[in-house]
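[1] Return atomic coordinates for the entry below.
(4 chains)
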There are 2 protein chains.
Amino acid sequence: MPKALPVIDATAPVCCAPVAAAPMGEEAALEVAVRLKALADPVRLRLLSLLLAGEEVCTCDLAPAVGLTEATVSHHLGQLKKAGFVSGERRGMNVYYRAHRDALGAIAQVIDPACC
Amino acid sequence: MPKALPVIDATAPVCCAPVAAAPMGEEAALEVAVRLKALADPVRLRLLSLLLAGEEVCTCDLAPAVGLTEATVSHHLGQLKKAGFVSGERRGMNVYYRAHRDALGAIAQVIDPACC
DNA sequence: CCACCTACTTGACGTACGTCAAAGACCTTG
DNA sequence: CAAGGTCTTTGACGTACGTCAAGTAGGTGG
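    Next up, the predicted model:
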């Protein structure tokens, strides 16, 4: 990662051939890697599963659920949002987050060698 | 990650409920996260796709394919091996690596919200 | 308008990661 | 055994990441 940090937009679901389909190009690998990196954290996985369980959850409920500061949770949610896995909407005093199942399914299909 | 680094064995395919099934426990999240972290790198994704394309490939062929030092490629292959995605076997002067499709499929199923 | 609450941003700290050069380990061929 | 090729390990360097404390922005209610 000491490579020049490539800032790319990853808010949309991945759209590229599965890993097993053919040798990946450098750009395609990066597209997949940035999204996987967003998922490759225990806290973010737990946040995602909480969001997938309930329809909408606000930060104030998520923070105690994972046992971390609201600041830290906000940071993780920001990472997930940048990767397109969640989106948040402010309603009143709270911000309600929602998981995007399609984005999750898309990255899963890229990884799965059986699915294609 | 400043948390006490938890050294766990991840050589076997993941075996836990999908993320969407129910709120993940701390241990389950870690099991998935360490494997995803191994996958969350452009170089390792390219190496995996190269291994999935051919049956067996040796380091000497992989290094030039990704444009990195053999030392670096060896390090990445070690990461993938620790995560159970590949395994290498020495035959003569070369070490031949092979991808494990089942381990890849297992982590894909855990991620996919549709698959369960 | 003034407290007050929720959520995000900033700065700082320590740890982990990716990379390479150099040295070591393993095997084969003369 | 010596020479050479292939891989892995070690050490070092710079960058990125996760975490929190503190400060700021946005919204509500007296």
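[2] Roughly how far does A:Ala28 sit from B:Ile111?
    Going from A:Ala28 to B:Ile111 by CB to CB, to the nearest Å gives 18 Å. For the C-beta atoms, the positions are set from N, CA and C on the backbone; glycine is no exception.
[3] Show me which of those two is the more surrounded one.
    A count of neighbours by other CB atoms under 10 Å in any protein chain shown puts B:Ile111 above the other of A:Ala28 and B:Ile111, at 25 against 21.
[4] What are the phi and psi values at the more buried one?
    phi -80, psi -40 (degrees, to the nearest 10).
[5] Hmm, A:Gln109 and it touching each other?
    No. Assessed by CB atoms under 8 Å, B:Ile111 is found out of contact with A:Gln109, at 9.5 Å.
[6] Now do stretch A:88-98, average pLDDT.
    For stretch A:88-98, mean pLDDT rounds to 95.
[7] Just the buried positions in it, please.
    A:Gly88, A:Val95, A:Tyr96, A:Tyr97 (16 or more other CB atoms under 10 Å in any protein chain shown).
[8] Surely A:Pro13 is within a helix?
    No. Applying DSSP: H, G, I helix; E, B strand; the rest coil, one finds A:Pro13 to be coil, outside a helix.
[9] Now do it, the pLDDT please.
    86.
[10] And the closest residue to it other than its chain neighbours, how far from A:Val14?
    Spatial nearest neighbour of A:Pro13, excluding adjacent residues (CB to CB, 6 or more residues apart in numbering or on different chains): A:Ala106 at 3.8 Å. Applying CB to CB, the value for A:Ala106 to A:Val14 is 5 Å.
[11] Over to A:Ala71?
    29 Å.
[12] likewise A:Leu51?
    Separation of A:Leu51 from A:Val14 (CB to CB) stands at 19 Å.
[13] Who has more neighbours out of these two?
    In this view A:Leu51 and A:Val14 are compared by other CB under 10 Å, and A:Leu51 has more residues nearby, 24 against 21.
[14] and the more buried one, what does it touch?
    Contacts for A:Leu51 were tallied using CB atoms under 8 Å, 6 or more residues apart in numbering or on different chains; they are A:Val57, A:Val86, A:Tyr97, A:Arg98, A:Ala99.
[15] Perfect, that will be all.
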